[in-house]
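**Student:** from the sequence below, what's the structure:
(one chain, ligands or ions: 1)
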Amino acid sequence: MQAKHRFEQLKAQADRLAAVTLASMLQADPARAVDFSIRVGPLYANFARQGYDREALGALNALAESASLDTAFRRLFDGETVNVTEGRAALHTALRGNLSQAVAAREAFGTASEVRQRMCRLVAELEGSGLTDIVSVGIGGSDLGPRLVADALREALPSKLRVHFISNVDGAAAQRTLAPLDPAKTAAVLISKTFGTQETLLNGTILRDWLGGSERLYAVSANPGHAAAAFDIAAERVLPMWDWVGGRYSLWSAVGFPIALAIGFDRFEALLAGAAEFDAHALNAPLDRNLAVRHALTAVWNRNALGHAAQGVMTYDQRLALLPAYLQQLVMESLGKSVKLDGSPVDGDTVPVWWGGAGTDVQHSFFQALHQGTQIVPLDFVGTVRNDDPFAENHLALLSNLFAQSEALANGKRSDDPHRSYAGGRPSTMILLDSLTPQSLGALIAMYEHSVYAQSVLWGINAFDQFGVELGKQLANGLMPALKGESDASDPVTKALLAELKARG
Ligand code: F6P
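**Tutor:** Got it, this is the predicted structure:
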């Protein structure tokens, strides 16, 4: 059966369930509270509050089968050319494990292991250098992953090097980050896959000048020769990455150098081991018990069968506060596509808008709209069972809020007063980590990576290119002479804006 027809079947399932409330679905089949959950190592996910019943879930699983998701995972792990528009593999799994016997994957695993050993030595050198601070310069995939993991896993009182991140081209970011630091006690890592990114080159120059030369500059790039030449960095301080690692999938490579500096090399390796454990599950678990597949199918259900245009991720662990920002790039840069692999238009909608924040703060800001607004926004709730801070009562309060929000959104509460009535029927997935460790965080991030890939296969799109970001970059580069007053713009609105700058600047 054709994928298009399978999607129509999903819509038919949604129509069948249109009049069935989530609360009544849960009442009619209480066993789903347990049956609709999947555990993988330290990761537990419960899908019982999603708006599909067992029959609809059967249709979703049939879609996964007909799309041959198991073969698709095998192709990914084997290093086949899954990034067809750029003619590349996407071998991020080989950065953390050797689950494939394919030559490309084995070679990638070997090369990545060698570079990791070099990185280990650089980490040891820097730890023993007497330096106190590291500034990581990069943007997008060369920033968000390291920033998330370093923040999530750092100790409350850092005993290692303090790591800071600069990404935005706005000079205020560099100014504020550098102001409290001592250049004599600081080193910088410039991270850019291409080493052609405007933001990173400009901020890298600021760092080189601030440090008074390149002696304490390090670089990570798939273009190492260029990186070394452009900033006069000695070859032994330049770590390579490769075109078979996508930027937003690269935190497991030398792009994770700042992570290892912030949390220690052993814990960086534990992060990789946690991801590799999840990789084995994604590759080998049957599709109907595969957590990445279930997560992807849930996304497709909410987007294509129910038509929800947004998806939220709410973290009930302060240390994961940067997860939504990280996932926005992973999910939206990967899945924000309108054409299939062969260039033809997609059959239906692809990625919804992803957004989110950290609970409980968000409950006191935008959750009003989630409870009573006209748009339904499916959510991923992410929490941790055990905390590592000494404030037990707070942790119980955090968990009570986490469970309460999911329950309130799903079940609602009727009132005679329409202003005080909660419609319910607002779906969510509950993801719980046993505790926040390098292993569990590695597994969580790998789960999202594989869900994104599975969604791309279901939609027939390429998860590994990002041509959509290029036009704006080209225009910005082209406008630099106009901003310097050396030329004019051709677009009339931009012309007017430039005139405004000139008048007020
Ligand atoms: O914003 C587009 C993008 O190409 C991302 O995909 C990438 O992660 C980021 O820019 C940074 O690119 P680079 O690592 O080459 O500097």
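**Student:** every contact and neighbour count from this point should use C-alpha atoms.
**Tutor:** Will do.
**Student:** could you pick out the longest helix of the chain?
**Tutor:** helix 103-127 (DSSP state H).
**Student:** what packs against that one?
**Tutor:** With contacts taken as 3 or more CA pairs under 8 Å, 6 or more residues apart in numbering; DSSP states H and E, helix 103-127 sits against strand 238-240, helix 257-263.
**Student:** got the contact list for the shortest one?
**Tutor:** Where contact means CA atoms under 8 Å, 6 or more residues apart in numbering, the residues beyond strand 238-240 that reach it are 115, 118-119, 218-224, 227-228, 254.
**Student:** mind listing the strands for this structure?
**Tutor:** 37-40, 43-46, 133-137, 162-166, 186-191, 217-221, 238-240, 310-316, 353-358, 379-386, 428-435 (DSSP state E).
**Student:** and the last one, what's buried?
**Tutor:** Taking 16 or more other CA atoms under 10 Å as the neighbour-count basis, strand 428-435 is seen to contain the buried residues 428-435.
**Student:** what does that strand contact?
**Tutor:** 42-50, 378-387, 406, 410, 440.
**Student:** just the buried ones from these?
**Tutor:** Among the contacts of strand 428-435, the ones that count as buried by 16+ other CA under 10 Å are 42-50, 378-384, 387, 406, 410, 440.
**Student:** tell me, how many residues neighbour residue 226?
**Tutor:** 15 (other CA atoms under 10 Å).
**Student:** residues contacting it?
**Tutor:** residue 195.
**Student:** do residue 466 as well
**Tutor:** 333-334 are the contacts of residue 466 under CA under 8 Å, 6+ apart.
**Student:** separation between it and residue 505?
**Tutor:** Residue 466 is 35 Å from residue 505, where distance means CA to CA, to the nearest Å.
**Student:** look at the residue of the stretch 401-505 of the chain at minimum distance from the ligand and say how many residues are nearby.
**Tutor:** Closest to the ligand within the stretch 401-505 of the chain is residue 469: 5.6 Å, counting by CA to the nearest ligand atom. Other residues lying near residue 469 total 10 when counted by other CA under 10 Å.
**Student:** how about the lowest-mean-pLDDT helix or strand in the chain as PDB, C-alpha atoms only?
**Tutor:** Sorting the helices and strands of the chain by mean pLDDT, DSSP states H and E puts helix 224-231 at the bottom, at a mean of 88. Extracted in PDB, the C-alpha atoms of helix 224-231 (Å, rounded to 0.1, in the frame of the first residue of the first chain):
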ATOM      1  CA  PRO A 224      41.000  22.200   9.200                       C
ATOM      2  CA  GLY A 225      43.600  23.600   6.800                       C
ATOM      3  CA  HIS A 226      41.500  26.700   6.300                       C
ATOM      4  CA  ALA A 227      40.800  27.000  10.000                       C
ATOM      5  CA  ALA A 228      44.500  26.800  10.800                       C
ATOM      6  CA  ALA A 229      45.500  29.300   8.100                       C
ATOM      7  CA  ALA A 230      42.800  31.900   8.700                       C
ATOM      8  CA  PHE A 231      43.600  32.200  12.400                       C
END
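**Student:** and it, what's buried?
**Tutor:** Applying 16+ other CA under 10 Å to helix 224-231 flags 224, 227-228, 231 as buried.
**Student:** repeat that for stretch 397-413.
**Tutor:** 398-399, 401-402, 405-412.
**Student:** make JSON lines from those and add pLDDT to it.
**Tutor:** Shown next, in JSON lines, are those (pLDDT from 0 to 100):
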{"residue": "398", "pLDDT": "98"}
{"residue": "399", "pLDDT": "98"}
{"residue": "401", "pLDDT": "98"}
{"residue": "402", "pLDDT": "98"}
{"residue": "405", "pLDDT": "98"}
{"residue": "406", "pLDDT": "98"}
{"residue": "407", "pLDDT": "98"}
{"residue": "408", "pLDDT": "98"}
{"residue": "409", "pLDDT": "98"}
{"residue": "410", "pLDDT": "97"}
{"residue": "411", "pLDDT": "96"}
{"residue": "412", "pLDDT": "97"}
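**Student:** just these now: which is nearest residue 373?
**Tutor:** Nearest to residue 373 among the buried residues of stretch 397-413: residue 409, at 11.4 Å, using CA to CA.
**Student:** wait, doesn't residue 116 sit right on residue 256?
**Tutor:** No. Using CA atoms under 8 Å, residue 116 is not in contact with residue 256, being 9.8 Å away.
**Student:** redo the buried residues of strand 428-435 as a markdown table? Include pLDDT and distance to the ligand.
**Tutor:** Formatted as a markdown table, the buried residues of strand 428-435 follow (pLDDT from 0 to 100; distance: CA to the nearest ligand atom, whole Å):
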| residue | pLDDT | distance to the ligand |
| --- | --- | --- |
| 428 | 98 | 29 |
| 429 | 99 | 28 |
| 430 | 98 | 29 |
| 431 | 99 | 26 |
| 432 | 98 | 28 |
| 433 | 98 | 27 |
| 434 | 98 | 30 |
| 435 | 98 | 29 |
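**Student:** and those residues, which two are furthest apart?
**Tutor:** When CA to CA is used, the two most widely separated members of the buried residues of strand 428-435 are 428 and 435, lying 20.8 Å apart.
**Student:** identify the residue of the stretch 251-400 of the chain closest to the ligand, quick one.
**Tutor:** Closest point on the stretch 251-400 of the chain to the ligand, by CA to the nearest ligand atom, is residue 333, at 7.2 Å.
**Student:** now that residue: how far from residue 386?
**Tutor:** 33 Å.
**Student:** same thing with residue 404?
**Tutor:** For residue 404, the distance to residue 386 - CA to CA - is 18 Å.
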